[in-house]
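In: here are the coordinates; sequence isn't available:
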């Protein structure tokens with residue numbers, strides 16, 4: 001199953017800060033199991049929303065140079081409340097450093113102005129072909145897919 005955990009990029013300060021939103025819908029499949037009588041967005045998916053937001057900050061700053069932008073470490077993750085269907089999560093991530101192979105961030109998620117998640121985390125970025133040259137075509141396809149998804153996420157009304 002593939003998750004896309006942000007719906008729109010609201011603002012971007014190139015290489016510095018990004019704000020994105022996620023609208024939580026009861027139609028999302030994982031809510032049927034988490035938890036049937038009290039559905040809430042799983043904490044790990046809240047964190048993934050921050051990671052995805054930071055990934056777009058890396059990709060745009062580096063002009064989509066890497067096909068892989070992955071979570072490497074998470075520290076001081078604090079969950080402060082549950083997020084129920086019908087809520088809109090606003091993710092804000094700030095870059096501490098974005099370098100060629102790694103980056104570090106702080107971020108938070110809010111619902112109706114109340115902080116529900118805070119974290120410090122690091123990402124690593126690379127291309128698959130660095131380990132196996134035959135994967136260069138896969139890298140190119142993934143980069144193109146990310147460029148197209150970014151266009152969708154960053155459309156302004």
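Out: Cool, got the structure. Only a predicted model underlies this, so the values are computations on that prediction, with no experimental measurement involved.
In: hmm, who's touching the helix or strand harbouring residue 20?
Out: Assigned by DSSP states H and E, residue 20 belongs to strand 17-23. Residues outside strand 17-23 that contact it (CB atoms under 8 Å, 6 or more residues apart in numbering) are 5-12, 49, 52-54, 56-57, 87-95, 153. Heads up, the C-betas are built off the backbone N, CA and C, glycines and all.
In: report the buried members of those residues.
Out: Buried subset of the contacts of strand 17-23 (neighbour count, 16 or more other CB atoms under 10 Å): 5-7, 9-10, 12, 49, 52-54, 56-57, 87, 89-95, 153.
In: okay, how far is it across stretch 29-47, tip to tip?
Out: The first and final residues of stretch 29-47 sit 18 Å from each other (CA to CA, to the nearest Å).
In: which of the residues in that stretch are buried?
Out: Neighbour counts over stretch 29-47 (16+ other CB under 10 Å) mark 31, 34, 39, 40, 41, 45, 46, 47 as buried.
In: quick check: the residue nearest to the third one when sequence neighbours are not counted vs residue 83, distance?
Out: Read it as residue 39. Counting by CB to CB, 6 or more residues apart in numbering, residue 31 is the residue found nearest to residue 39 once chain neighbours are left out, at 4.0 Å. According to CB to CB, to the nearest Å, residue 31 and residue 83 sit 10 Å apart.
In: likewise for residue 122?
Out: Applying CB to CB to residue 122 and residue 83 gives a distance of 24 Å.
In: the two - which one has more neighbours?
Out: Neighbours were counted for residue 122 and for residue 83 using other CB atoms under 10 Å; residue 83 has more, 23 against 17.
In: centroid residue for the chain?
Out: When CA atoms, centre = their mean is applied to the chain, the residue found nearest the centroid is residue 52 (1.2 Å).
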